[in-house]
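Undergrad: model this:
(4 chains)
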There are 2 protein chains.
Amino acid sequence: MTKRATTKDKILDAAEVLFAEHGFKQTSLRQITAEAEVNLASVNYHFGSKKALIQAVMARYLEVFMPSLATELTQLDAGFSTRDVFECFRTPLAELRHVRKHGPTLFLSLLGYAYAEIQGHLRRYTMDQFGDVMALLLDTLHQANPQLSPIDMFWRLHFVLGATVFAQVSGPALREIAAADFGEAVAADQVIDRLIPFLAGGVDATVAE
Amino acid sequence: MTKRATTKDKILDAAEVLFAEHGFKQTSLRQITAEAEVNLASVNYHFGSKKALIQAVMARYLEVFMPSLATELTQLDAGFSTRDVFECFRTPLAELRHVRKHGPTLFLSLLGYAYAEIQGHLRRYTMDQFGDVMALLLDTLHQANPQLSPIDMFWRLHFVLGATVFAQVSGPALREIAAADFGEAVAADQVIDRLIPFLAGGVDATVAE
DNA sequence: CTAAAATTAAAACGCATGTTTAAAATGTAC
DNA sequence: GTACATTTTAAACATGCGTTTTAATTTTAG
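TA: I've put the predicted structure just below:
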């Protein structure tokens, strides 16, 4: 049988939803503890500070996602394309559903805000912990596109991150507009189906002369 | 001869730099008025509120940029490519240098934060004021890519915005990393040279089957 | 059952924010 | 030069924030 949710988990669950919705800085501990139905002081008791809570929220996802992505990347068959590299994101993202029902969407939103609000400590944490996976990704993409210089690849990877996190951060609003304008509801998962071809096309583009 | 800067202008000039650097919400009126060397209360006296100041900052740029972009788009020669459409952004962006020395960079950063911090009032203001230009852009891109369905084009345009905006928001940090890792300094203007081929490649990509 | 440890709870602290107030200073028109 | 309007100034206000404190409560061990 499943244990009753602990205070610590109730905080994490409430925090990640609010963070994903409104960003880190703009979400207060009072909102979080109200939503989690726990006492305000319990955040500092269990996590020490808001900063530490933010890192704990990210860690739950990064610890699943990053190793999984690394595995997928290293298992690529020889002669892979850029498109194949981006397809490697599907499985690790889908696995986040195991940590939380809407894990994939939540994670990408959190990542987006982690980038947008240039939280020094978060960026440092991510890079310290998973810089090797990022380097592997950069290297793998470069293998698929040897014609691009490392610096060109560097910039294109960051354009990719930008398009991805942005699409997810403003995802709810955009899906709403899309549904209103085109009468077509789009699930969050389907956005990635539209995204991958776009990203691959961008990375594969010939450099400006 | 040029008039001495008024309090109102000193506030606008200081505000836009701080906003572009740290975002809207995270920049306080006290930082702004200290930088501008004016009294704290003068913001509310001259603009009414922080919200109104933010809109005034954006308006200075949008009023120049949007009509100029519209002009460029309508003057495209028949048979234009996606790449041609994105090249239309160069001139309007460059013109922002007339309103302020680093106008192009500032404007894109501001736009980035306006999107990232989902400021309802700002999004509404932008759409109300310049929704027609956005529609024109969407339509023009669709002309260059008639094979894409309207909803595919809708999503790709927003991926484009995401990549652009994030490239600029995290631009200073990225340029720093790039310079450290590749020993190659990149001016802010040159980022757009790397961006345009990427965006065009993404938009032109064949849709997923 | 009891004593110690871990957790929860309520309240307050110190600080920063946007905004307002009311007086002082400055500029303008006659 | 005087009266009026505009602008600047300093101070205070109300609110929300993360954090800390202290006491009550619950859980855990022996």
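Undergrad: Residue A:14 sits in which helix or strand?
TA: Assigned by DSSP states H and E, residue A:14 falls within helix A:7-22.
Undergrad: From the contact counts, what lies against that helix?
TA: helix A:29-36, helix A:42-46, helix A:50-74, helix A:103-116 (3 or more CB pairs under 8 Å, 6 or more residues apart in numbering or on different chains; DSSP states H and E). Glycine gets a C-beta too; all of them are placed from N, C-alpha and C.
Undergrad: Can you lay out the ones you listed as a markdown table showing distance to chain B?
TA: Formatted as a markdown table, the helices and strands packed on helix A:7-22 follow (distance: least, CB to the nearest CB, whole Å):
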| stretch | distance to chain B |
| --- | --- |
| helix A:29-36 | 15 |
| helix A:42-46 | 21 |
| helix A:50-74 | 15 |
| helix A:103-116 | 4 |
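Undergrad: of those helices, which approaches residue B:205 most closely?
TA: Nearest to residue B:205, of all the helices and strands packed on helix A:7-22, is helix A:103-116, at 20.4 Å by CB to CB.
Undergrad: I'd like to check the angle between that closest one and helix B:103-116, please.
TA: 140 degrees (axes from the mean of the first three to the mean of the last three CA atoms, to 10 degrees).
Undergrad: Tell me the helix or strand right after helix A:103-116.
TA: helix A:120-144.
Undergrad: Would you mind pulling up the elements that that next one packs against?
TA: The helices and strands touching helix A:120-144, judged by 3+ CB pairs under 8 Å, 6+ apart, are helix A:50-74, helix A:82-87, helix A:103-116, helix A:150-169.
Undergrad: who's in contact with the first one?
TA: With CB atoms under 8 Å, 6 or more residues apart in numbering or on different chains as the contact definition, helix A:50-74 has outside contacts at A:11-12, A:15-16, A:19, A:24, A:29, A:32, A:43, A:47, A:85, A:88-89, A:91-93, A:95-96, A:98-99, A:103, A:106-107, A:110, A:114, A:119, A:121-122, A:125-126, A:129-130, A:132-133, A:136-137, A:140.
Undergrad: Among these, which ones lie close to DNA strand D?
TA: Counting by CB under 7 Å from any atom of the strand, A:29, A:43 from the contacts of helix A:50-74 sit close to DNA strand D.
Undergrad: Give me the buried subset of the contacts of helix A:50-74.
TA: By neighbour count, with 16 or more other CB atoms under 10 Å in any protein chain shown, the contacts of helix A:50-74 hold A:11-12, A:15-16, A:19, A:24, A:29, A:32, A:43, A:47, A:85, A:88-89, A:92-93, A:95-96, A:99, A:103, A:106-107, A:110, A:114, A:119, A:122, A:125-126, A:130, A:133, A:136-137, A:140 as buried.
Undergrad: Quick one: name the residues of chain A near DNA strand D.
TA: Going by CB under 7 Å from any atom of the strand, the residues of chain A near DNA strand D are A:27-31, A:40-41, A:43-44, A:49-51.
Undergrad: Which helix or strand lies directly C-terminal to the helix or strand bottoming out on mean pLDDT in chain A?
TA: In chain A, the helix or strand scored least confidently by mean pLDDT, DSSP states H and E is helix A:171-182, which has a mean of 66. For helix A:171-182, the following helix or strand on the C-terminal side (DSSP H and E) is helix A:188-204.
Undergrad: what angle do the helix holding residue A:14 and helix A:150-169 make?
TA: For helix A:7-22 against helix A:150-169, the angle by the same axes, to 10 degrees is 100 degrees.
Undergrad: residues touching residue A:38, list them.
TA: Residue A:38 neighbours (CB under 8 Å, 6+ apart): A:7, A:10-11.
Undergrad: returning to what we had before: figure out which of the helices and strands packed on helix A:120-144 is closest to DNA strand C.
TA: If you check each of the helices and strands packed on helix A:120-144 against DNA strand C by CB to the nearest atom of the strand, helix A:50-74 wins as the nearest, at 12.0 Å.
Undergrad: Please tell me how far the closest residue to residue A:84 other than its chain neighbours sits from residue B:80.
TA: Spatial nearest neighbour of residue A:84, excluding adjacent residues (CB to CB, 6 or more residues apart in numbering or on different chains): residue A:76 at 6.2 Å. Plainly put, residue A:76 is 37 Å away from residue B:80 if you go by CB to CB, to the nearest Å.
Undergrad: How about residue A:58?
TA: Computed as CB to CB, the residue A:58 to residue B:80 distance reads 43 Å.
Undergrad: So for these two, which sits in the more crowded spot?
TA: Each of residue A:58 and residue B:80 has its neighbours counted (other CB atoms under 10 Å in any protein chain shown); residue A:58 has more, 22 against 15.
Undergrad: tally of neighbours for residue A:79?
TA: Applying other CB under 10 Å, we find 8 other residues in the vicinity of residue A:79.
Undergrad: no wait, residue A:144
TA: That count, for residue A:144 with other CB under 10 Å as the rule, works out to 20.
Undergrad: dump the residue contacts of it.
TA: A:80-82, A:84-85, A:203.
Undergrad: Apply 10 Å and report the result again.
TA: With contacts defined as CB atoms under 10 Å, 6 or more residues apart in numbering or on different chains, residue A:144 is in contact with A:76, A:79-86, A:153, A:200, A:203-204.
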